[in-house]
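1. coords please:
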Amino acid sequence: MANTVASLFCCLLAARAVFCAPPASQAAKSKAADSEALVAVLADRPDDPDDNEILLVFSPENLISRCSRALADTHALSAGARAKLHQARARAYLRLGKLQMAVSDLDAAVTLDPTYRKARVLRAAVKLCVNEDPPTSAELNVLGREYADEPVVLNAIAMRELNAGHNRAVLTWCGKSIAADGRNLLARKLRAKANYMKGAFAECLRDADYYLDHQPVTGGSDQSEMYRIRGVALDRLGQRRAAVANYFMASQVDPTDPEPVLQICKIYLKEKRYALAEVIADRLVNSFPTSAPANISKAMVLTVTKRYEPALVSTTRAIALDPSAADYYATRGFCFKELGRCAEGVTAYEAALKRNPRQRDAMVGLALILATCPQDSIRDAPRAVKVATAACRLSATPEAYAQSVLAVAYAECGDIENATRAAKEALQCAADEDKEAVRTLIRAIKDPELRTRGKAGWKLLDPH
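-> Coordinates of the predicted model:
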C-alpha cells in the first residue's frame, strides 16, 4: 500500500509538471501542497521511501529545494520524519557530488534519529570519500549489501580498498558501481588506477580513455594524474608517441607537476634522442630548480651521454632535495663506478639498498664493483655472486645486463661452469645490438689468459 501511494504521488507530480502548470495566482498554494505531499511520502511513512524513485521524478536540485522548504516550513514533523527529509536531501547532494553538504545532512539525520541505520551507513560511506573515519570491515559488507545499486557507496568502498592496496577488490566494487551507472566516471578512474597498479595496462587504458573522453578539461592534479596514467599505459604497450602526447596534456592541465615532463625525458632517452632529452631536462631544472625529479632527470641525461662528473653534481642536488630516494643513490653509485671511484661507489650503492633493499640497479652495480674492483680491500667476488644472484631473482624473466654481471662474478670466483651458463642466459635475452658484447664476454670467460684479472677488463654491454 505504501509503495502504491509513493508511486501514485510521483506520477501525479510528473503529470502535473507536463500538462497542468499552475497559474501564478496558485503558486503559493501549489508550493504548500507539494511540501505537504513530499512530507507525506518521505517522512510520514513508517518505512523508508524509494529514494531512487523520488530522484527519478525530481532533479537533485529540485529535491534539495523541496526538502529545504519542507524542513523550514513544517514545524509539526516528528524527529524521525525530519531525519528522513535530511536523508533524502543528502542523497540529492550526493548526486551532485557535494559530499560535505551530504555529510551535514546525514549528521543531522542521525542526530534526530540515532536508530536510523540507513543514514548511519550512508554517512560512513560518504565520510570515507572525504577522508574522515573509515568504516569497519563489517560495515563495508553492510554497505555493499544495502547499497548494491548506489554508485556513491560502491565507489567509497572501492576507494578504501584502493588505499589499502587491495586491487582485486577495487576491480570487483568498481565493476558493480559501473553496472549500476555506466557513466560512473569515478569508478572508471578507480578501476584504471587499480589496473595500473596491477600492471594490466590494456585494461587500464580502456578506463582511462573513457574517463578522459567524458570528463571536461578542467585542470588540476586529479585530471593530470589520469593523463599521466594513460601515458604510462601507452608507453608500456609500445605506443610511445601517444604516451608523449598524454604526458604533454598532463603537464598542460597541471603545470605545477614536473612528473609528466620527466616521463617525456625518459622516453626520449629510451629512443636515444639525447639532444631532445637534454633540452627537456634543462627546461625541467629551470622551471623546477627545487624539484628532486627535475634534477635527477638532468643527471640521467648526463649519465647516458657519459658525462659523469656533471652528472654527480646533479645527483647530489637531487639527493639533497630528497634524501629518501633509493634511485638517486643508485645513479650516484653508477657515476662513481664509471669514474673508477670504487669505495665511493660501494657507499652510494649500499645507501640505495638501505633505503630500498630491492633496488635492482644498485644490486647489479654493487655486484660489479665487488667482482672487478682492482683494490683488494674492496673486491669480494663471493659476495658479488650473492648480490648478483639476488638481483637476477627480482625479475620474472632473465635480464641481459644483470646476467652478464652474474657471469663476471662467477668467473672472478673461478666458477667457469656457472659463469658460462649465466653468460649464455644473457645472450639469449640480449637485444640484437648487444649480442656481440655478450659473445665477447663468453670468450673472455673461457680463455684463461683473458680471464686473468685486469687483462680482459670484462667488457660488458651498455647497461642503458
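
2. Point out where the chain drops to low pLDDT.
-> Low-confidence segments of the chain (pLDDT under 70): 1-57, 73-76, 128-137, 139-140, 143, 217-220, 448-464.

3. excluding its backbone neighbours, what's nearest the most centrally placed residue in it?
-> In the chain, the residue lying closest to the centroid (Cα atoms, centre = their mean) is Lys193, at 4.8 Å. On the basis of Cβ to Cβ, 6 or more residues apart in numbering, the spatially nearest residue to Lys193 that is not a chain neighbour turns out to be Leu162, at 6.2 Å. (Glycine included, C-beta is placed from N, CA and C.)

4. That neighbour contacts Arg191, correct?
-> No. Counting by Cβ atoms under 8 Å, Leu162 does not reach Arg191; the two are 9.3 Å apart.

5. follow-up on the earlier one: the residue nearest to the centre of the chain: what's it in contact with?
-> Lys193 sits next to 162, 170, 204, 229 when contact means Cβ atoms under 8 Å, 6 or more residues apart in numbering.

6. Pipe those residues into JSON lines and attach secondary structure per row.
-> Formatted as JSON lines, those follow (DSSP: H, G, I helix; E, B strand; the rest coil):
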{"residue": "Leu162", "secondary structure": "helix"}
{"residue": "Val170", "secondary structure": "helix"}
{"residue": "Cys204", "secondary structure": "helix"}
{"residue": "Ile229", "secondary structure": "helix"}
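
7. tell me the strands in the stretch 301-450 of the chain, going along the chain?
-> Counting by DSSP state E, counting those that start in this stretch, the stretch 301-450 of the chain has no strands to list.

8. Quick check: the residue nearest to the centre of the chain vs Asp207, distance?
-> Look at Lys193 and Asp207: by Cβ to Cβ, to the nearest Å, they are 9 Å apart.

9. ok, and for stretch 97-112, which residues are buried?
-> Neighbour-count burial for stretch 97-112, counted by 16 or more other Cβ atoms under 10 Å, picks out 98-99, 101-103, 105-106, 108-110, 112.

10. still on that earlier bit, can you count the residues close to the residue nearest to Lys193?
-> When neighbours are defined as other Cβ atoms under 10 Å, Leu162 has 20 of them.

11. which element is the residue nearest to the centre of the chain on?
-> If you go by DSSP states H and E, Lys193 is part of helix 185-198.

12. Give me the phi and psi for Ala396.
-> Per-residue torsions, Ala396: phi -70, psi -30 (degrees, to the nearest 10).

13. Also Gly165?
-> Dihedral angles (degrees, to the nearest 10) for Gly165: phi 80, psi 20.

14. how about the nearest residue to it, chain neighbours excluded?
-> In space, and not counting its chain neighbours, Gly165 is closest to Met197: 7.6 Å by Cβ to Cβ, 6+ apart.

15. doesn't Asn167 make contact with that neighbour?
-> Yes. Met197 lies in contact with Asn167 (Cβ under 8 Å); the separation is 5.2 Å.

16. Give me the more crowded residue out of the two.
-> For Met197 versus Asn167, neighbours defined as other Cβ under 10 Å are more numerous around Asn167 (19 against 14).

17. contacting residues around that one?
-> Per Cβ under 8 Å, 6+ apart, neighbours of Asn167: 161, 194-195, 197-198.

18. got any residues that touch both of Leu162 and Arg191?
-> With Cβ under 8 Å, 6+ apart as the test, Leu162 and Arg191 both reach Val170.

19. picking that back up, just put the contacts of Lys193 in CSV and tack on distance to Asp322.
-> Supplementary listing: those in CSV, determined by distance: Cβ to Cβ, whole Å:
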residue, distance to Asp322
Leu162, 25
Val170, 29
Cys204, 27
Ile229, 22
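
20. Which members of those are the farthest-apart pair?
-> Val170 and Ile229 (14.0 Å; Cβ to Cβ).

21. so where do the helices sit in the stretch 51-200 of the chain?
-> 51-57, 60-73, 79-95, 99-112, 117-129, 137-146, 151-163, 167-180, 185-198 (DSSP state H, counting those that start in this stretch).

22. I'd like these laid out as TSV, including distance to Ser287.
-> Below are the helices of the stretch 51-200 of the chain laid out as TSV (distance: least, Cβ to Cβ, whole Å):
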stretch	distance to Ser287
helix 51-57	47
helix 60-73	42
helix 79-95	39
helix 99-112	34
helix 117-129	34
helix 137-146	43
helix 151-163	31
helix 167-180	34
helix 185-198	26
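
23. what's the closest of these to Gln252?
-> Ranking the helices of the stretch 51-200 of the chain by proximity to Gln252 (Cβ to Cβ) places helix 185-198 first, at 19.0 Å.

24. Identify each buried residue in that closest one, please.
-> For helix 185-198, by 16+ other Cβ under 10 Å, it's 185-196.

25. and Glu61, what does it touch?
-> Residues near Glu61 by Cβ under 8 Å, 6+ apart: 92, 96.

26. can you do 7 Å?
-> Neighbour list for Glu61: empty [criterion: Cβ atoms under 7 Å, 6 or more residues apart in numbering].
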